[in-house]
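> Here's my sequence, what's the structure:
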Amino acid sequence: MRALILLGIVGFLAQLVDGSLGMAYGVTSTTLLLAVGTNPAAASATVHLAEIGTTLASGISHWRFDNIDWKVVAKIGIPGAAGAFAGATFLSSLSTEVAAPIMSIILLVLGAYVLIRFTAFGLPRGNLGKPLRKRFLGPLGLVAGFVDATGGGGWGPVGTPAILASGRLAPRKVIGSIDASEFLVAIAASVGFFFGLGSENIDFAWVAVLLLGGVIAAPIAAWLVRHIPPRILGSAVGGVIILTNVRTLLRSDMINAPGNVQTAAYLAIAVIWAASIAYSLREYRRDRDNESVEAIEGLERGPVAEGAAGSTR
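Predicted structure coming up:
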């Protein structure tokens with residue numbers, strides 16, 4: 001019973017993070033399942049079955065708060081489903097030990113870009129509103145879906161930073177679209193796991209409590225992403241990406257860093273991350289105050305300008 005309660009809490013917290021930052025539900029939940037001895041394929045299958053419900057709830061919540069670009073959902077979700085089905089079907093015979101560090105390096109670079117770009121300069125506006133094309137979203141969805149199924153998580157960590165880095169979609173729209181499209185990925189991965197594993201290795205009680213926790217958190221997360229300023233949200237997302245992938249790299253066979261080195265690295269990242277969010281918050285407040293001053297000055301100039309124009313007529 002205690003284990004089920006813990007799983008429910010993990011499902012709630014994981015969805016709260018995932019729904020507000022666009023990533024981490026699968027990674028968090030799968031990590032716990034692996035820690036209690038679940039084999040990787042069964043852990044990923046359990047999480048993806050729960051995600052069918054949590055992503056549906058999250059998608060509906062984001063839709064109600066107008067956080068979704070449905071064109072992006074279609075362009076990335078369908079190839080993502082294909083990649084997830086392939087990854088789930090072949091998980092038992094595939095090794096991701098070599099691929100994981102390479103993918104983490106790519107994600108780490110993207111995460112650093114997102115953190116620096118949003119912290120130092122705010123929301124990228126040069127490309128904002130430009131369409132995201134199929135030739136970018138299609139391959140991205142295919143890779144993200146495959147990584148998500150084979151690694152028990154990865155749809156958000158792969159998809160969110162890549163779209164954020166393009167600067168063509170507001171952060172809340174990126175997160176809402178990624179969360180909504182993950183519904184297709186979760187269904188495809190679950191079907192693939194049923195083909196590859198059957199149902200005997202899946203604990204449906206665990207699926208139910210993970211789902212319950214996630215469904216409760218979904219509307220709260222959608223509200224948060226609607227109200228958190230884009231600059232602060234970008235800094236928060238960048239920090240999550242960096243911390244997650246540094247952890248993967250330090251624990252990989254390629255580096256295999258000692259425990260004290262890992263702890264020092266995590267602390268350093270946490271300090272930089274906190275400082276970045278604090279700086280983003282300060283700059284956001286400064287920009288907001290400047291906009292308020294400009295708006296007031298514009299209102300004050302309006303009547304004067306109209307009076308001057310009237311006197312010339």
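> So what's the residue count around the residue nearest to residue 136 when sequence neighbours are not counted?
Leaving aside its sequence neighbours, residue 136 sits nearest to residue 166 (Cβ to Cβ, 6 or more residues apart in numbering; 7.4 Å). C-beta here means a position set from N, CA and C on the backbone, and glycine is covered the same way. Close neighbours of residue 166, defined as other Cβ atoms under 10 Å, add up to 18.
> now do residue 256
The local packing of residue 256 (other Cβ under 10 Å) involves 10 other residues.
> how about it, secondary structure?
Assigned by DSSP: H, G, I helix; E, B strand; the rest coil, the conformation of residue 256 is coil.
> Quick check: the gap between it and residue 245.
Residue 256 sits 16 Å away from residue 245 when distances are taken as Cβ to Cβ, to the nearest Å.
> for residue 148, same thing?
15 Å.
> likewise residue 202?
With distances defined as Cβ to Cβ, the gap from residue 202 to residue 245 amounts to 28 Å.
> who has more neighbours, these two?
Of the pair residue 202 and residue 245, residue 245 is the one with more neighbours under other Cβ under 10 Å, namely 24 against 21.
> Surely that one is in contact with residue 112?
No. Residue 245 is not in contact with residue 112 according to Cβ atoms under 8 Å; the separation is 9.7 Å.
> The helix or strand that residue 43 is a member of - contacts with which helices or strands?
The secondary structure element spanning residue 43 is helix 40-64 (assigned by DSSP states H and E). Helix 40-64 is packed against helix 2-21, helix 25-35, helix 70-89, helix 134-151, helix 171-197, helix 204-227, with contacts defined by 3 or more Cβ pairs under 8 Å, 6 or more residues apart in numbering; DSSP states H and E.
> can you tell me how far residue 296 sits from residue 202?
Between residue 296 and residue 202 the computed distance is 60 Å (Cβ to Cβ).
> repeat for residue 33
From residue 33 over to residue 202 (counting by Cβ to Cβ), the distance is 11 Å.
> Quickly list what's touching both of the two.
With Cβ atoms under 8 Å, 6 or more residues apart in numbering applied, the overlap between the contact sets of residue 33 and residue 202 consists of 42, 46.
> tell me, how many neighbours does the spatially closest residue to residue 180 that is not a sequence neighbour end up with?
Counting by Cβ to Cβ, 6+ apart, residue 59 is the residue found nearest to residue 180 once chain neighbours are left out, at 3.7 Å. Here the number of neighbours of residue 59 (other Cβ under 10 Å) works out to 24.
> Ok, residue 26 next?
29.
> Report pLDDT for it.
The predicted structure scores residue 26 at 74 on the pLDDT scale.
> correct me, but it touches residue 154?
Yes. The pair formed by residue 26 and residue 154 meets the contact definition of Cβ under 8 Å, at 6.8 Å.
> so what sits against both of those two?
By the contact definition Cβ under 8 Å, 6+ apart, residue 26 and residue 154 are jointly contacted by residue 148.
> what helix or strand is residue 274 on?
Using DSSP H and E, residue 274 maps to helix 259-312.
> and the helix holding residue 43, how far from the chain's centre?
13 Å (Cα atoms, centre = their mean, to the nearest Å).
> Which residues in it does the neighbour count mark as buried?
Within helix 40-64, the residues that qualify as buried by neighbour count (16 or more other Cβ atoms under 10 Å) are 40-59, 61-62.
> Low-confidence ranges, the stretch 201-313 of the chain, go.
Counting by pLDDT under 70, the low-confidence segments of the stretch 201-313 of the chain come to 201, 225, 293-295, 297-313.
> Over to the stretch 1-150 of the chain?
Counting by pLDDT under 70, the ranges of the stretch 1-150 of the chain that qualify are 1-3, 17-24, 27-28, 31-32, 34-40, 91-104, 106-107, 122-131.
> mind running it again at 50?
Within the stretch 1-150 of the chain, the segments meeting pLDDT under 50 span 96.
> Residue 30 touches residue 43, doesn't it?
Yes. Distance between residue 30 and residue 43: 5.1 Å, which falls inside the contact criterion (Cβ under 8 Å).
> Now do the contacts for the nearest residue to residue 205 once chain neighbours are set aside.
Counting by Cβ to Cβ, 6+ apart, residue 205 lies nearest to residue 4, which is 6.4 Å off, once chain neighbours are set aside. Going by Cβ under 8 Å, 6+ apart, residue 4 touches 205, 206, 209.
> Next, residue 252: phi, psi?
Recorded main-chain torsions at residue 252 are phi -80, psi 160, according to degrees, to the nearest 10.
> For the residue nearest to residue 140 when sequence neighbours are not counted, grab the count of nearby residues.
The spatially closest residue to residue 140, leaving aside those adjacent along the chain, is residue 162, at 5.4 Å (Cβ to Cβ, 6+ apart). Using other Cβ under 10 Å, residue 162 has 22 other residues around it.
> Where does residue 162 sit: helix, strand or coil?
In three-state terms, and counting by three-state DSSP, residue 162 is helix.
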